[in-house]
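*Asks:* turn this into a model:
(chains A, B, C and D)
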2 protein chains.
Amino acid sequence: MILDTNKTQAEAIAVRIRTLILNGALQPGQPLRQEALSEQLSVSRTPLRHALQSLAEEGLVETIGYKGAKVAELDRGMVDDLFEMRLVLEPLALRSALPQITKLDLARAEMALDTADTEKEPSKLSALNWDFHYALYRPSNRQMLLRTIEQLNKASALAEVIANSIVGRPKKSAAEHRKLLRACRDGDETGAIAALSEHLQLAHQDIRTGKD
Amino acid sequence: MILDTNKTQAEAIAVRIRTLILNGALQPGQPLRQEALSEQLSVSRTPLRHALQSLAEEGLVETIGYKGAKVAELDRGMVDDLFEMRLVLEPLALRSALPQITKLDLARAEMALDTADTEKEPSKLSALNWDFHYALYRPSNRQMLLRTIEQLNKASALAEVIANSIVGRPKKSAAEHRKLLRACRDGDETGAIAALSEHLQLAHQDIRTGKD
DNA sequence: AGAATCATAATTGTATCCAATACGGCTTTT
DNA sequence: AAAAGCCGTATTGGATACAATTATGATTCT
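*Replies:* Numbering: from 1, shown residues only, chains lettered A, B, ... in the order given. This is a model prediction of the structure:
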């Protein structure tokens, strides 16, 4: 989960750049010049470089030695991969989490959904979307699994933003999320897994149609 | 696959540190002081920090802001996660790859096995192990999937080394690898998948028993 | 004596400066 | 005229110096 400690500047910068990317201010393929960005963000190039590296390992930017960094371009194959992996890994996490889920977890998930209902900014929506899913998976206490799932989610956030800028996906997504939350609250494991799978498949589908 | 270009020093250093970790020269939990390492490796702290960050995102190192970095400690739960993920993702990659696999790919895989037969150094063995698996998965041409699988393999390499330092795992592993390669060469998809699953489960098991 | 506090040292993160590398235009050669 | 080689500029990677943060130890107060 994204610990907003931001104690180190590099991480703070990473957050800001991620926001710029997810809001479309920096579009895929666009080169990220270190000097320009560093002066625009009022930071030295050193922590900026660290931030770019973090985002690179996250999948949001591509960086080639001595040639610079650019916002990642996700082709259809990559998006397919992302969702195929999510479709097998996230049900795993959910199934592990459900027996140990607490009311606090459910409350956190619900709060994320409520906040998302009135939120417009894409980067915030992406964050809330992850908050929701994370609240449901975290009780599994499976660090490695959660970590990979988080990576995949962050990457697919970029894909959603690219495809999705105009479409009314948030509304549909909200309904699917509520359904999933309800099943979790009722302790209905098979229902929850089904809702999750359906949700992921629909999201995937919308991205595919949006990308054409 | 690990392109040994080493064009940038940070990557070269990352390779060296990874080697130190996988050979046991740097043991889990051991703190990695920047100044000490930088002088030991005859490099400035700047690329060293980049290397540490890379290794952190790889899972071999944990780093906390202002508190320093240390070699990652993988508990049993993390290892279980790693192999559970590998067990679902790698068959996916293999199944996608098999229809497009070429003789060159198979030759590469075989060469990795042959080289491994006479190799003693753990870090080299880990690298060759990945070379073998990668040769079989790469024809799938699924970048994202391959990338995640590579991450998981690198992380479990650390786990294998920890558990495995003495045991005769390499021999058993070799037999399983040959069996898998044979099935791939024969175009026997179900056999290959079965061999792969069995191989992963055995590796997991050996690590678990070794860790006690 | 024990705990809290302040000062000092050790270590990490950041800024600035220098070196190495890649890109673009030019000349030069065939 | 086309292609290959070379030089100058722009941009990234690395080294050094400085600031911020954390840990440690002594000192003081209760």
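
*Asks:* rounded mean pLDDT for stretch A:186-205, please.
*Replies:* For stretch A:186-205, mean pLDDT rounds to 97.

*Asks:* send me that stretch as CSV with only the CA atoms.
*Replies:* The C-alpha coordinates for stretch A:186-205 follow below in CSV (Å, rounded to 0.1, in the frame of the first residue of the first chain):
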residue,chain,number,x,y,z
ASP,A,186,-22.0,-11.4,3.8
GLY,A,187,-19.1,-13.8,4.0
ASP,A,188,-20.1,-15.2,0.6
GLU,A,189,-16.8,-16.4,-0.7
THR,A,190,-17.9,-17.9,-4.0
GLY,A,191,-20.0,-14.8,-4.6
ALA,A,192,-17.1,-12.5,-3.8
ILE,A,193,-14.7,-14.3,-6.1
ALA,A,194,-17.3,-14.3,-8.9
ALA,A,195,-17.9,-10.6,-8.4
LEU,A,196,-14.2,-9.9,-8.5
SER,A,197,-13.6,-11.9,-11.6
GLU,A,198,-16.4,-10.3,-13.3
HIS,A,199,-15.2,-6.9,-12.3
LEU,A,200,-11.7,-7.5,-13.7
GLN,A,201,-13.0,-8.9,-16.9
LEU,A,202,-15.3,-6.0,-17.5
ALA,A,203,-12.5,-3.5,-16.7
HIS,A,204,-10.3,-5.4,-19.1
GLN,A,205,-12.9,-5.3,-21.8
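
*Asks:* name the residues that touch that stretch?
*Replies:* Residues outside stretch A:186-205 that contact it (C-beta atoms under 8 Å, 6 or more residues apart in numbering or on different chains): A:79-80, A:83, A:86-87, A:90-91, A:94-95, A:98, A:156, A:160, A:169, A:172-173, A:176-177, A:179-180, A:183-184. Heads up, the C-betas are built off the backbone N, CA and C, glycines and all.

*Asks:* now do the buried residues in it.
*Replies:* By neighbour count with 16 or more other C-beta atoms under 10 Å in any protein chain shown, stretch A:186-205 contains the buried residues A:Ala192, A:Ile193, A:Ala195, A:Leu196, A:Ser197, A:His199, A:Leu200, A:Ala203, A:His204.

*Asks:* turn these into TSV, columns for secondary structure and distance to B:Ser44.
*Replies:* Converted to TSV, the buried residues of stretch A:186-205 look like this (DSSP: H, G, I helix; E, B strand; the rest coil; distance: C-beta to C-beta, whole Å):
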residue	secondary structure	distance to B:Ser44
A:Ala192	helix	51
A:Ile193	helix	51
A:Ala195	helix	52
A:Leu196	helix	48
A:Ser197	helix	50
A:His199	helix	48
A:Leu200	helix	45
A:Ala203	helix	45
A:His204	helix	45
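
*Asks:* distance check, the residue most central in space within chain A against A:Val79.
*Replies:* In chain A, the residue lying closest to the centroid (C-alpha atoms, centre = their mean) is A:Lys154, at 3.2 Å. Going from A:Lys154 to A:Val79 by C-beta to C-beta, to the nearest Å gives 14 Å.

*Asks:* export the helix or strand hosting the residue nearest to the centre of chain A as PDB, just CAs?
*Replies:* Secondary structure assignment for A:Lys154, by DSSP states H and E: helix A:143-164. This file holds the C-alpha atoms of helix A:143-164, laid out as PDB (Å, rounded to 0.1, in the frame of the first residue of the first chain):
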ATOM      1  CA  GLN A 143       3.200  -9.600   1.700                       C
ATOM      2  CA  MET A 144       4.700 -10.900  -1.500                       C
ATOM      3  CA  LEU A 145       1.400 -11.600  -3.100                       C
ATOM      4  CA  LEU A 146       0.100  -8.200  -2.200                       C
ATOM      5  CA  ARG A 147       3.300  -6.600  -3.500                       C
ATOM      6  CA  THR A 148       3.000  -8.100  -6.900                       C
ATOM      7  CA  ILE A 149      -0.700  -7.300  -7.100                       C
ATOM      8  CA  GLU A 150       0.000  -3.700  -6.200                       C
ATOM      9  CA  GLN A 151       2.500  -3.500  -9.000                       C
ATOM     10  CA  LEU A 152       0.000  -4.900 -11.500                       C
ATOM     11  CA  ASN A 153      -2.600  -2.500 -10.300                       C
ATOM     12  CA  LYS A 154      -0.400   0.500 -10.600                       C
ATOM     13  CA  ALA A 155       0.500  -0.500 -14.100                       C
ATOM     14  CA  SER A 156      -3.100  -1.100 -15.100                       C
ATOM     15  CA  ALA A 157      -4.000   2.200 -13.700                       C
ATOM     16  CA  LEU A 158      -2.000   3.800 -16.500                       C
ATOM     17  CA  ALA A 159      -3.800   1.600 -19.000                       C
ATOM     18  CA  GLU A 160      -7.200   2.600 -17.600                       C
ATOM     19  CA  VAL A 161      -6.300   6.300 -17.800                       C
ATOM     20  CA  ILE A 162      -5.200   6.000 -21.400                       C
ATOM     21  CA  ALA A 163      -8.300   4.200 -22.600                       C
ATOM     22  CA  ASN A 164     -10.700   5.700 -20.300                       C
END
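
*Asks:* in chain A, which spans are strands?
*Replies:* For chain A, applying DSSP state E gives strands covering A:31-32, A:61-64, A:68-71.

*Asks:* so which of these gets nearest DNA strand D?
*Replies:* DNA strand D lies closest to strand A:68-71 among the strands of chain A, at 3.5 Å (C-beta to the nearest atom of the strand).

*Asks:* tell me what that closest one is packed against?
*Replies:* On a contact count with 3 or more C-beta pairs under 8 Å, 6 or more residues apart in numbering or on different chains; DSSP states H and E, strand A:68-71 meets strand A:31-32, strand A:61-64.

*Asks:* distance to DNA strand C, mean pLDDT and mean neighbour count added to these, as TSV?
*Replies:* Output for the helices and strands packed on strand A:68-71, formatted as TSV (distance: least, C-beta to the nearest atom of the strand, whole Å; pLDDT from 0 to 100; neighbours: other C-beta atoms under 10 Å in any protein chain shown):
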stretch	distance to DNA strand C	mean pLDDT	mean neighbour count
strand A:31-32	10	96	16
strand A:61-64	8	96	17
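
*Asks:* alright, calling it a day.
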